[in-house]
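Student: Test case, fold it:
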Amino acid sequence: MGLKRKIMEYEPAKVYEVAFWDPAQKGIHRTGTWASCPKFIDARYPFTTLLHQGLIERTFISDIEKNGSGIQRPWTIKGFKNDGKDPTYPVEVNLAHVDGTMEETVRAKYLFSGEGARSFVRDQLGVKMIYKDPIAHVWGVMDGVVRTNFPDIKMKCTIHSDNGSIMIIPRENNMVRLYIQVASSTDKDWDPRKQATAEDVQARAKKIFEPYTISWDRVEWYSVYPIGQGIAERYTLDERVFMGGDACHTHSPKAGQGMNTAFLDAVNFAWKIHHVESGWAPRSLLSTYESERKLIAETLLDFDARYAKLFSARIPSAGEVAGASAKEAAEDNEFIKTFKASCEFTSGYGVAYKPNMVNWGPEHPAQHPLILSYEKGTTQRTGRIMTPATVTRVVDANVVHLEQEIPMNGSYRMFIFGGALDKSATALKDLATQMSSPTSFFSTFLHRDLKEKDRYHEKHNPHTDFLSLALVFSQPRSSIHIDEQLPQPFNRYADHVYADDVWDQRVPDAKAAAHAKMGLDEERGGVVVVRPDGYVGVVVKLEEGKGTCDALDAWFSGVTGKKLGGERASL
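Tutor: Numbering: from 1, shown residues only. Model prediction:
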């Protein structure tokens with residue numbers, strides 16, 4: 001989305017390691033540290049970034065305004081209905097300014113609720129929240145600037161002492177967030193609605209930190225909350241009014257997944273609406289929003305319930321955590337499994353969508369011998385993020401992150417791993433020829449003004465907004481000659497042509513690391529199609545003849561609801 005640089009300008013805290021503190025004869029002592037993003041996760045950025053939600057929102061709002069739209073505040077929703085009076089804009093929404101001076105009624109194609117846990121839209125729809133377990137713990141959370149001699153105040157820490165438990169989260173601008181346990185169901189005077197003043201929580205924190213000292217220069221924000229895991233029964237009833245974020249799922253904030261999960265809800269919803277409204281997909285695509293995101297929320301809540309229970313009951317020792325990466329670790333060790341799940345969720349690599357119309361699987365309408373499954377022929381799993389890879393861009397010799405080269409702009413991304421050109425030249429030429437057919441997946445959605453409009457400087461979508469291409473070859477950059485060796489339309493994507501010549505420690509013996517990480521033959525290659533939100537949709541062999549394009553036509557036929565490739569495709 002191109003927002004990372006703006007967000008990083010706020011200098012968010014970066015957590016590379018988590019420190020573990022346990023009871024000692026006199027107070028607490030550090031028992032060890034462990035990587036925030038362990039090596040078993042192939043993450044581009046092996047750290048957790050921590051920044052105030054308001055600053056992230058400011059970045060989004062600025063980008064929205066830069067692109068010609070805006071956010072109107074402070075307005076609230078007073079009512080809505082899908083009356084179908086206008087087939088194009090079937091939803092009537094009643095809005096009111098919060099000061100009561102203005103009201104407005106608008107008609108919309110869709111209504112999306114991102115209102116939070118007390119969602120008005122959810123209540124009006126009559127959608128129930130299902131809560132997993134009774135509330136068993138109450139926690140205080142405090143943001144502020146502190147003075148302390150505690151050595152790990154700049155790190156994420158879990159502290160377990162005889163006086164209680166604390167989680168430390170470093171923040172931007174020299175701030176720190178503390179989660180302090182206030183009450184537990186094991187207390188004699190247990191009350192799930194228990195409240196505590198900021199002073200009460202600070203006093204408890206001081207006891208937990210002993211023999212270290214802590215005081216507050218200022219408190220930016222403070223709250224007391226019970227832990228409850230809940231999920232909405234439905235995310236939509238009519239595929240016109242949708243919900244996302246805390247309106248659909250609530251959980252403890254300790255894993256830092258509330259805003260992250262809401263973002264993924266929004267991205268998943270946005271690209272699907274974009275494709276339906278652009279005529280690139282049938283309305284049935286919208287049903288995959290609930291099926292994909294509700295499953296992830298259920299998985300998150302299950303993990304969060306176990307994580308919160310473990311944290312509230314007893315902080316695991318560093319030795320237990322270290323065991324999480326050992327091959328001999330027992331599968332029935334609950335914390336080890338929870339720790340691994342935590343790392344995957346916080347890195348974003350724990351999201352795994354099941355097979356459906358946009359994630360190829362054995363039941364997908366597209367059945368072709370050149371389609372590769374995870375079990376046979378590729379390391380890429382459909383419904384998961386594409387493995388990161390580092391390559392050299394041919395036109396300027398820049399070493400770049402392949403998975404970030406095509407921006408998140410609503411297009412499918414097709415990565416053609418071309419292997420060695422002396423082995424794959426014919427296969428590439430055949431694929432290019434088949435793609436040029438007017439009924440192919442590539443040609444069906446070409447720009448209507450393709451011949452009239454000058455797109456010389458358009459490097460990502462010169463032919464169509466539906467799809468962008470990238471090509472990677474397993475040979476030195478100096479031996480790749482784009483205009484001479486690549487046929488149309490591939491040579492038009494000169495800024496997306498790369499040499500697979502950067503060594504990677506995860507595949508140290510590979511001659512072409514990016515090919516190897518994708519599980520593709522280093523000489524023959526293959527094709528990886530990535531959804532607009534970055535998740536792998538299908539992987540296809542690159543072979544001579546029309547087979548590769550046939551397989552892609554078949555898959556895109558299922559995606560778009562159109563018969564592509566003439567007689568070759570079937571729905």
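Student: Need the distance between the two termini of stretch 97-107.
Tutor: Using CA to CA, to the nearest Å, one end of stretch 97-107 lies 17 Å from the other.
Student: hmm, who's touching it?
Tutor: Applying CB atoms under 8 Å, 6 or more residues apart in numbering, the external contacts of stretch 97-107 come out as 74-76, 78, 86, 89-96. Any C-beta I mention is one placed from the backbone N, CA and C, and that applies to glycine too.
Student: and these, which two are the farthest apart?
Tutor: Spatial extent of the contacts of stretch 97-107 (CB to CB) is set by the pair 74 and 86 at 27.7 Å.
Student: If you count surrounding residues, which of the two has more?
Tutor: Counted by other CB atoms under 10 Å, residue 74 and residue 86 do not tie: residue 86 has more neighbours, with 12 against 7.
Student: And the more buried one, how close does it get to residue 242?
Tutor: Applying CB to CB, to the nearest Å, the value for residue 86 to residue 242 is 19 Å.
Student: quick one: low-confidence ranges for the protein?
Tutor: In the predicted model of the chain, residues 134-136, 184-194, 227, 253-256, 311-341, 346, 566-571 satisfy pLDDT under 70.
Student: returning to what we had before: for the contacts of stretch 97-107, which one is nearest residue 19?
Tutor: Distances from residue 19 to the contacts of stretch 97-107, taken by CB to CB, are shortest for residue 74, at 41.2 Å.
Student: which one is residue 388 nearest to, not counting chain neighbours?
Tutor: Leaving aside its chain neighbours, residue 388 sits nearest to residue 44 (4.4 Å; criterion: CB to CB, 6 or more residues apart in numbering).
Student: Does that neighbour touch residue 389 like I think?
Tutor: No. Assessed by CB atoms under 8 Å, residue 44 is found out of contact with residue 389, at 9.5 Å.
Student: So those two - more neighbours on which side?
Tutor: residue 389 (27 against 15).
Student: can you pull the contacts of that one?
Tutor: 401-403, 500, 504, 513-514, 517-518 are the contacts of residue 389 under CB under 8 Å, 6+ apart.
Student: Now do the same contact list for the residue nearest to residue 357 when sequence neighbours are not counted.
Tutor: Excluding its sequence neighbours, the residue lying closest to residue 357 (CB to CB, 6+ apart) is residue 558, at 5.4 Å. Counting by CB under 8 Å, 6+ apart, residue 558 touches 357, 364-366, 571.
Student: quick one on the thing from earlier: which residues are in contact with both of residue 44 and residue 389?
Tutor: Between them, residue 44 and residue 389 share the contacting residues 401, 403, judged by CB under 8 Å, 6+ apart.
Student: Restrict stretch 159-167 to CA atoms and write it as PDB.
Tutor: Extracted in PDB, the C-alpha atoms of stretch 159-167 (Å, rounded to 0.1, in the frame of the first residue of the first chain):
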ATOM      1  CA  ILE A 159       6.900 -10.700  34.500                       C
ATOM      2  CA  HIS A 160       5.700 -13.300  36.900                       C
ATOM      3  CA  SER A 161       6.300 -12.600  40.600                       C
ATOM      4  CA  ASP A 162       4.800 -13.600  43.900                       C
ATOM      5  CA  ASN A 163       2.900 -10.300  43.900                       C
ATOM      6  CA  GLY A 164       1.300 -10.800  40.500                       C
ATOM      7  CA  SER A 165       1.900 -10.600  36.800                       C
ATOM      8  CA  ILE A 166       2.800  -7.800  34.300                       C
ATOM      9  CA  MET A 167       3.300  -7.600  30.600                       C
END
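Student: List the buried residues in stretch 508-518.
Tutor: Neighbour-count burial for stretch 508-518 flags 510, 512-518 (criterion: 16 or more other CB atoms under 10 Å).
Student: typed the wrong thing, it's stretch 214-221
Tutor: Buried residues in stretch 214-221, counted by 16+ other CB under 10 Å: 214, 216, 219.
Student: wait, doesn't residue 403 sit right on residue 535?
Tutor: No. Assessed by CB under 8 Å, residue 403 is found out of contact with residue 535, at 11.2 Å.
Student: re the thing from before, just the buried residues of stretch 214-221: which are in helices?
Tutor: Among the buried residues of stretch 214-221, no member falls in helices (DSSP state H).
Student: In JSON lines, list those along with distance to residue 125.
Tutor: Output for the buried residues of stretch 214-221, formatted as JSON lines (distance: CB to CB, whole Å):
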{"residue": "214", "distance to residue 125": "46"}
{"residue": "216", "distance to residue 125": "43"}
{"residue": "219", "distance to residue 125": "38"}
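Student: now for the lengthiest helix in the chain, which elements pack on it?
Tutor: Longest helix in the chain by number of residues (criterion: DSSP H): helix 287-313. With contacts taken as 3 or more CB pairs under 8 Å, 6 or more residues apart in numbering; DSSP states H and E, helix 287-313 sits against strand 137-148, strand 164-170, strand 230-232, strand 249-250, helix 258-277, helix 334-347.
Student: Quick check: which of the ones you listed has the most neighbours on average?
Tutor: Among the helices and strands packed on helix 287-313, ranked by average contacts under mean count of other CB atoms under 10 Å, first place goes to strand 249-250 (a mean of 25).
Student: Go ahead and measure how far the helix or strand where the residue nearest to residue 357 lies is from the middle of the chain.
Tutor: For residue 558, the element it lies in under DSSP states H and E is helix 547-560. Centroid displacement of helix 547-560 relative to its chain, using CA atoms, centre = their mean, to the nearest Å, is 26 Å.
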